[in-house]
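A.B. asks: Structure for this input, please:
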Amino acid sequence: MLPYFLDLNIDHINEALFQPVFSLLTIKFTSKEEIGTLTKKCVEVGIDIIKRNAKKHAEKLLLVLESFISKASGVSNIIFLGVLAPYLEGHKNLQVIEQRITELFKGDREGDQKAISKCMQDLMSFFKNPEQIVEQIFINIGTMK
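C.D. replies: Next up is the predicted model:
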C-alpha cells in the first residue's frame, strides 16, 4: 500500500515529488471515510513529509497544497496546511488557512473531527491564541446534535 511505501522511503521524497505524492494523499486516499485506517496512515505520512521538508521548501509545499483545496473532499489538505503554517510566518495566505482550519473545528462530521484530533498539537501551534480555539471547540461540542 502506497502510504506504507512512502513511510518507508520518506527520506527520498524530495521537492520534485511533492505534487504527485500529495495528489495521492489528499485526493485518492484521504477523501473517503470508508478507508479509515489508510486515511490515518496517509495523514501521518503527509505530516511527516511536511515536517521533514518545510524548512527548505515551505513555499513549494504551500503551492502544492493550495492547488488541492478545491479538489480534495476530506480534511487532510487543510490539516497539511495547518502543519505547514508555522514555517510560513508572515505569508499572505496565513489568515485564509487559519479561517479554513477554524471552520473544520466548527464542523459536525465525526470523521473530520477524528482526523483533526490526530494532529491537534501541530494545528494548535499555528494559532496565535490557541486557548480561544479550544474554548470554541468545547462550545461547538456542547451544541452538536
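A.B. asks: Does the closest residue to F22 other than its chain neighbours lie in a helix or a strand, and which?
C.D. replies: Once flanking residues are discounted, F22 sits nearest to V64: 5.3 Å by C-beta to C-beta, 6 or more residues apart in numbering. All C-beta atoms are positioned from the backbone trio N, CA, C, and that covers glycine. For V64, the element it lies in under DSSP states H and E is helix 36-66.
A.B. asks: Show me what that helix is packed up against.
C.D. replies: Where contact means 3 or more C-beta pairs under 8 Å, 6 or more residues apart in numbering; DSSP states H and E, helix 36-66 is packed against helix 2-8, helix 18-23, helix 76-84, helix 110-118.
A.B. asks: at 6 Å instead, please
C.D. replies: In terms of contacts (3 or more C-beta pairs under 6 Å, 6 or more residues apart in numbering; DSSP states H and E), helix 36-66 is packed against helix 2-8, helix 18-23, helix 76-84.
A.B. asks: for that helix, which positions count as buried?
C.D. replies: For helix 36-66, burial by neighbour count (16 or more other C-beta atoms under 10 Å) applies to 38-39, 41-43, 45-47, 49-50, 53-54, 57-58, 61-62, 64-65.
A.B. asks: Between helix 76-84 and it, find me the angle.
C.D. replies: Relative orientation of helix 36-66 and helix 76-84, computed by axes from the mean of the first three to the mean of the last three C-alpha atoms, to 10 degrees: 70 degrees.
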